[in-house]
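Engineer: Requesting a structural model of the entry that follows:
(chains A, B, C, D, E, F, G, H, I and J)
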Protein chains: 10
Amino acid sequence: MEQKKASIVSQLQHLKQQSGKSYTQLADETGLTNVYVAQLLRRQAQLKPETAPKLQAALPDLPKELVDEMMKPPLRSYDPNIIQDPTIYRLNEAVMHFGESIKEIINEEYGDGIMSAIDFFCSVDKVRGVDGKERVVVTFDGKYLPHTEHKTEHMVSRTRPLEKQ
Amino acid sequence: MEQKKASIVSQLQHLKQQSGKSYTQLADETGLTNVYVAQLLRRQAQLKPETAPKLQAALPDLPKELVDEMMKPPLRSYDPNIIQDPTIYRLNEAVMHFGESIKEIINEEYGDGIMSAIDFFCSVDKVRGVDGKERVVVTFDGKYLPHTEHKTEHMVSRTRPLEKQ
Amino acid sequence: MEQKKASIVSQLQHLKQQSGKSYTQLADETGLTNVYVAQLLRRQAQLKPETAPKLQAALPDLPKELVDEMMKPPLRSYDPNIIQDPTIYRLNEAVMHFGESIKEIINEEYGDGIMSAIDFFCSVDKVRGVDGKERVVVTFDGKYLPHTEHKTEHMVSRTRPLEKQ
Amino acid sequence: MEQKKASIVSQLQHLKQQSGKSYTQLADETGLTNVYVAQLLRRQAQLKPETAPKLQAALPDLPKELVDEMMKPPLRSYDPNIIQDPTIYRLNEAVMHFGESIKEIINEEYGDGIMSAIDFFCSVDKVRGVDGKERVVVTFDGKYLPHTEHKTEHMVSRTRPLEKQ
Amino acid sequence: MEQKKASIVSQLQHLKQQSGKSYTQLADETGLTNVYVAQLLRRQAQLKPETAPKLQAALPDLPKELVDEMMKPPLRSYDPNIIQDPTIYRLNEAVMHFGESIKEIINEEYGDGIMSAIDFFCSVDKVRGVDGKERVVVTFDGKYLPHTEHKTEHMVSRTRPLEKQ
Amino acid sequence: MEQKKASIVSQLQHLKQQSGKSYTQLADETGLTNVYVAQLLRRQAQLKPETAPKLQAALPDLPKELVDEMMKPPLRSYDPNIIQDPTIYRLNEAVMHFGESIKEIINEEYGDGIMSAIDFFCSVDKVRGVDGKERVVVTFDGKYLPHTEHKTEHMVSRTRPLEKQ
Amino acid sequence: MEQKKASIVSQLQHLKQQSGKSYTQLADETGLTNVYVAQLLRRQAQLKPETAPKLQAALPDLPKELVDEMMKPPLRSYDPNIIQDPTIYRLNEAVMHFGESIKEIINEEYGDGIMSAIDFFCSVDKVRGVDGKERVVVTFDGKYLPHTEHKTEHMVSRTRPLEKQ
Amino acid sequence: MEQKKASIVSQLQHLKQQSGKSYTQLADETGLTNVYVAQLLRRQAQLKPETAPKLQAALPDLPKELVDEMMKPPLRSYDPNIIQDPTIYRLNEAVMHFGESIKEIINEEYGDGIMSAIDFFCSVDKVRGVDGKERVVVTFDGKYLPHTEHKTEHMVSRTRPLEKQ
Amino acid sequence: MEQKKASIVSQLQHLKQQSGKSYTQLADETGLTNVYVAQLLRRQAQLKPETAPKLQAALPDLPKELVDEMMKPPLRSYDPNIIQDPTIYRLNEAVMHFGESIKEIINEEYGDGIMSAIDFFCSVDKVRGVDGKERVVVTFDGKYLPHTEHKTEHMVSRTRPLEKQ
Amino acid sequence: MEQKKASIVSQLQHLKQQSGKSYTQLADETGLTNVYVAQLLRRQAQLKPETAPKLQAALPDLPKELVDEMMKPPLRSYDPNIIQDPTIYRLNEAVMHFGESIKEIINEEYGDGIMSAIDFFCSVDKVRGVDGKERVVVTFDGKYLPHTEHKTEHMVSRTRPLEKQ
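Structural biologist: As a prediction, the model looks like this:
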């Protein structure tokens, strides 16, 4: 199945290269973030029915059978060695070094919960710093999810059947 | 901070032992699942304000300063070596061997999403099998979370400021 | 041998896709849990003789030689990288964070023993929470196995021969 | 808790050394295997009520509070570095090199199942080989456990409640 | 040295707790991001001379010798087990799953280079999503650094001396 | 070379399957243990000249060139992931949990030495327990090897030449 | 994509071998360091437009399509097993053993910052030691990058939009 | 127990330092190899009864209770990080790079067997090379152990009892 | 022994801090490289007799017993987690990414051999780049060591004794 | 490149097998150690020009293009799993258990330095022990290399240029 995924990704990358468009251009044309478009073309996200026509409009050579494949839920994965690449390492470095601080601020601002990575947006933007130099901005924007209390009365799967055996 | 956590857990375990009550008894008295009570007494979950009096009623010797500590958001952690214990290993074995099947069924039943481990309940129950033998039932009950599409128009953190620089 | 297994699984997945049936539908038609059907079609469980006709009825295109293969005891295995997938990670997270609590409750309720992962059932069910939202329930149901005491008189393999050399 | 365990084990080892008895002698006096006695004195097994008096008879200096501790279900664990010791490495080497063969023979002789490590006996015996030289015999004797088929009708935890929601 | 760092961090955390101020409040009072303030109080960043008085104004009980310690360059580190915490894991998950896409977009937008993690800002912000629900925004903002070509004429350390031996 | 080994093993397994004989039957016909026969057919042991005719009698279709290959000393190896299989894991679990006890008993019974894994026998046997249930017995039987003292006078390789330089 | 990279590198190495030139000769002809030329021919660095003609002059058989490939930003990677090679291990050994000292000296000489590995040069030179023996000199020459203070007013991506929600 | 071992080793090292004798001198006085003496003083080997007086003669301040400890079978172990030390790394490097060649030569010279690490001698010697420079010679001298064939008739532990159940 | 080393290093660091001198100043006063001075004060290198007086002159408060300790050969080691620090990571990154290129250039320039890490110098220098910006130069300068051919006639340890047994 | 190496090694092994000669015979005919001959035929060492004719005389079917390949400096490597083989494991075990003792003896006998693994010989010899039994002797014979002091005046690469910038 991994091989099938690799073959689909390879075709998608080729199509994009043929189109001459960047991820950011494809993002503008489809109303998605640039990161999400890249994830779609690497089969790391599912193409939604209402978005498929927009992507097909942006990449007119995209064949129907690839669109069908892109609409299946993918098995999300990555090669752990990608952190060897300096760009990816530095993102990972930031998360590992700042992670505990970020967690504590979320707790202070909201309570005992997390930033969801599922109800989540990510984009990469170009900005110019106060010194006029180019900068990269990576934004992670996730829904706040509070840790639930495991109350028996709220646990539908349990309260009814098991307690009466 | 780890040492402080260990010291609090040790006091909480001692209090429970003094009370002579099991986790399931404490669960019945507090309206929580037995697993959640155990997590509270290991400082792996946060004691909520409305539940604090119930726990204090169930464990009358629980001092106020421990209650205060239990109401802080914990740093959740575990010793990776716990999978050496046969009970914990077999749970892990089940997840690793059945994981891909569980994922595919969730996808088939709901779509491209996951079972949340945050909006989540867990309990351990005793049942008797069809052969009359004792069995253990561990229930994981989590909210279904669909992977969001990263639409620019839905990404509040981004749409307004950055696009106009 | 791994390649042979992969090739069989690939054929089985193709057959299922052709049938248009979900794991839960196949489960209803065969009297098995949905997780177990998925394990059968991934060659992670053995097809029993009395169940083979039911599976053939549910998947009429299933050829005899695949049925023969499915009736052999499999070498159970998994790719350790599957925990990269968010769904599978969250199950693993729950086991690692709650594992010690689950173990202690089993000890309190039954004594010094474990939940078997061999005499074991697993299913995935859809429920609706008290807030009306969709939830996923994963149930692990295993026989309680007490750790035996190693009494010499009960150890048939030993008592007779070796003590008299 | 680990420190408490280490301290109890240290006291138990000291008591044994004071007694001047070997594990095999203690095994003969208590009706247990020598390996199990060693596990008891390392807090890797639970002392059963009916065996406690026999152990106290064999180790008269064993204090009541240690007996009480020994009767609790232990958290089983080991230091992964013990395989550095040549004796333990060679046992591990045998299991890793012969494991797949042993599994296939169990499958041939019994079907799709395993040798339990819970309903299990282990002993170490001295024998003399056909050449008259001393040999060590380690015996693993476990109940055969067949992998169950996950039949919905046999899954008590599920059949009744969840299907009717 | 690690112990000294741990002891300083413990004192700093205590001082903050006494002040009753959140990281975001301290950020507002010092003109720093909330993440950076948290890093300062965990000794993962260096306190700059011009900022020291602002921090002392915000935390009046901060003693001079701690300020002196905070002004030394720290050895940056983290406990690799922090990714067990669900909040930190999900950040890491996002980086590992989106990393390759982010890298490719940086390449498309700027060329062959990286986002610096040194000339870098990080903050955590509260926003409300289009559905009115609370969301967490983590912003990584780093200078774009192009990979230099290793031209001999630009390599001051080399051109002059070594070539003439 | 690994590929050649895999190809030979695959042919040997096919021959055995054609013969319809189990490892235990082949063991009876060749005078070897069932585990050793399985090791021979997985190229993890060397076929001895006097045993070759017996194996050829038991597997008449075994071609001469495979016999020649089986008589070479193999490079012994295993896939570390085999411990994912429940049968093999439980053997490994037993060794890791009981290893230190087994070592101490060997020391008590014989002195400072080990059980050889080279001058070694292994077999799998079926027994019936005192409760009449089927059990699996795995026997490890190895020569006792005492750790030698490194006496200079016994070290032939050293005493003569090097001391006089 | 890895396979494509491997195939390109293989062609580039063949071309170099055909040319009969060493990396140092190619470095002299192109004005680059010898290490950088080697990185270019292993697709670990990007060929810049103004350098392409120089490389083509030095390697006249270099086809246009390979030049095009070399001008794309590469995914930088390495096989972690290369540290098995004695030459590479000793470089790694030096970094690990001297790393902390090097860091402290950078801090003393410049302040809280690092040596960039992006704005960076590397070369290998031959020298003769004071004893007349041949020596290898590896020079790492990187820009000093100070850790920035995360001042809100300098964080362009943040100050404008998010604070007014 | 590890702490006790560390404390004994520390005392033994102190005694040796007080004596002013090198391992090689102690080796000459006791008739052991220098490596074995070092192992004894690090509690990695057992002191034999007939050797104890010789060691006491060589180290007159060695107290009786340490001698008693040294006569117990040790749990052999090492810190895996010792391969960071350049001397130990290079030995390891030699074994890993030459290991397969050494194995094949043993097979060619003796047959399918190994060099024992138990019936084994090790020494370190000073020699002068043909160029007159100082060299270190490490000699490993172990008994050749052939892999036994697992013949049922030779397996005393099995032939008699189990086959007749 | 590790604790003793840590305690000595802590005293040496304190002495240096009291002196107010940087590693580079101490290097100038002792005629050593700044990296080597730092290694000496971290007990990662041996203080030579002729250098001891120079170091004592540079650090007049250095007590005799510390000098004695510094003159012993150290067990060289490092904490593998130091690569978490950004400065040390980037050095490591450079070695891993450029390692294979450096090796090939050494082979081209000298033949089949390595750069020694034992007969080796290391220093950190400040330079100003062609753009006038500050840069860090780390120089590794090691003797070229050719891999010897293992000629029997050159192997003094072997030629004489063993061939005549 | 790995594949090319594997293909060359496979051809070399086949040639040796055709010749019917053992490594020790080839060693006698070429004047090399048996281990070195095995390394040459596994492409782990470089064939020197003056030795090539001797090897061609010993293996007359060795074609010229393989000789050319064998004369290139190899990338030395090994499969880390080879330590699964019992022969190679026991060598590794000896190094890890005796390593610290060997290091200390080298320090005592020579000073702060190491045994080179580059200016190094290795051979395997057959001897007969004092009990008349066959033994294997593995000899490691390496040049003693003292750790150099990093004196600025001896560091040719540095003293001249950098200090005057």
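Engineer: what about the longest helix seen in chain A, near chain G?
Structural biologist: Assignment by DSSP state H gives helix A:86-109 as the longest helix of chain A. Yes - Helix A:86-109 comes into contact with chain G (Cβ under 8 Å from any Cβ of the partner chain), by way of residue A:86. Where you see a C-beta, it was placed from the backbone N, CA and C, and this is true even at glycine.
Engineer: got the phi/psi numbers for residue A:120?
Structural biologist: phi -150, psi 140 (degrees, to the nearest 10).
Engineer: Make sure it is actually in contact with residue E:91.
Structural biologist: No - applying Cβ atoms under 8 Å as the test, residue A:120 and residue E:91 come out as separate, 10.5 Å apart.
Engineer: counting contacts, what elements does the worst-scoring helix or strand of chain A on mean pLDDT pack onto?
Structural biologist: Least confident helix or strand, chain A: helix A:156-159 with a mean of 74, by mean pLDDT, DSSP states H and E. Helix A:156-159 sits against strand B:113-128, strand B:134-146, strand C:113-128, strand C:134-146, with contacts defined as 3 or more Cβ pairs under 8 Å, 6 or more residues apart in numbering or on different chains; DSSP states H and E.
Engineer: now the third one against helix B:86-109, angle please.
Structural biologist: For strand C:113-128 and helix B:86-109, the angle between their directions (axes from the mean of the first three to the mean of the last three Cα atoms, to 10 degrees) works out to 20 degrees.
Engineer: now the last one
Structural biologist: If you take the same axes, to 10 degrees, strand C:134-146 sits at 150 degrees to helix B:86-109.
Engineer: got the contact list for residue A:103?
Structural biologist: B:75, E:85, E:87-88 (Cβ atoms under 8 Å, 6 or more residues apart in numbering or on different chains).
Engineer: Please tell me how far the residue most central in space within chain A sits from chain J.
Structural biologist: The centroid of chain A falls nearest to residue A:36 when counting by Cα atoms, centre = their mean (5.8 Å). From residue A:36 over to chain J the distance is 37 Å, taken as Cβ to the nearest Cβ, to the nearest Å.
Engineer: and what of residue A:7?
Structural biologist: 22 Å.
Engineer: tell me the SS of that residue?
Structural biologist: helix (DSSP: H, G, I helix; E, B strand; the rest coil).
Engineer: ok, whatever residue of chain A ends up closest to chain J - contacts?
Structural biologist: Using Cβ to the nearest Cβ, the single residue of chain A nearest to chain J is residue A:81, 16.2 Å away. Taking Cβ under 8 Å, 6+ apart, we find residue A:81 in contact with G:77, G:80.
Engineer: Quick check: residues of chain A near chain I?
Structural biologist: Checking chain A against chain I by Cβ under 8 Å from any Cβ, the hits are A:84, A:86, A:89, A:93, A:96-97.
Engineer: ok, now with 7 Å
Structural biologist: Counting by Cβ under 7 Å from any Cβ of the partner chain, the residues of chain A close to chain I are A:86, A:93.
Engineer: okay, and for chain A, where does confidence drop off?
Structural biologist: A:1, A:159-165 (pLDDT under 70).
Engineer: and residue A:120 and residue E:91? which has more neighbours close in?
Structural biologist: For residue A:120 and residue E:91, the more surrounded residue by other Cβ atoms under 10 Å in any protein chain shown is residue E:91, and the numbers stand at 26 against 22.
Engineer: Look up how far chain H lies from that one.
Structural biologist: Relative to chain H, residue E:91 is positioned 30 Å away (Cβ to the nearest Cβ).
Engineer: Same question for residue A:4.
Structural biologist: 37 Å.
Engineer: buried sites along stretch A:2-15?
Structural biologist: Neighbour-count burial for stretch A:2-15, counted by 16 or more other Cβ atoms under 10 Å in any protein chain shown, picks out A:5, A:8, A:11-12, A:15.
Engineer: want to throw these into TSV with distance to residue A:115?
Structural biologist: Output for those, formatted as TSV (distance: Cβ to Cβ, whole Å):
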residue	distance to residue A:115
A:5	28
A:8	30
A:11	34
A:12	29
A:15	33
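Engineer: rewinding a little: contacting residues for the residue nearest to the centre of chain A?
Structural biologist: By Cβ atoms under 7 Å, 6 or more residues apart in numbering or on different chains, the contact set of residue A:36 is A:45, B:149-150.
Engineer: so which of the residues you listed comes closest to residue E:61?
Structural biologist: In terms of Cβ to Cβ, no member of those lies closer to residue E:61 than residue B:150, at 44.8 Å.
Engineer: Closest one of the contacts of residue A:36 to residue J:143?
Structural biologist: Closest to residue J:143, out of all of the contacts of residue A:36 and judged by Cβ to Cβ, is residue A:45, at 58.8 Å.
Engineer: now the closest one, nearest residue through space, not along the chain?
Structural biologist: Closest residue in space to residue A:45, ignoring its immediate chain neighbours: residue A:39 at 4.1 Å, by Cβ to Cβ, 6 or more residues apart in numbering or on different chains.
Engineer: quick one: the helix or strand encompassing that neighbour to chain centroid distance?
Structural biologist: Taking DSSP states H and E as the criterion, residue A:39 maps to helix A:34-41. Its chain's average C-alpha position is 8 Å from that of helix A:34-41, according to Cα atoms, centre = their mean, to the nearest Å.
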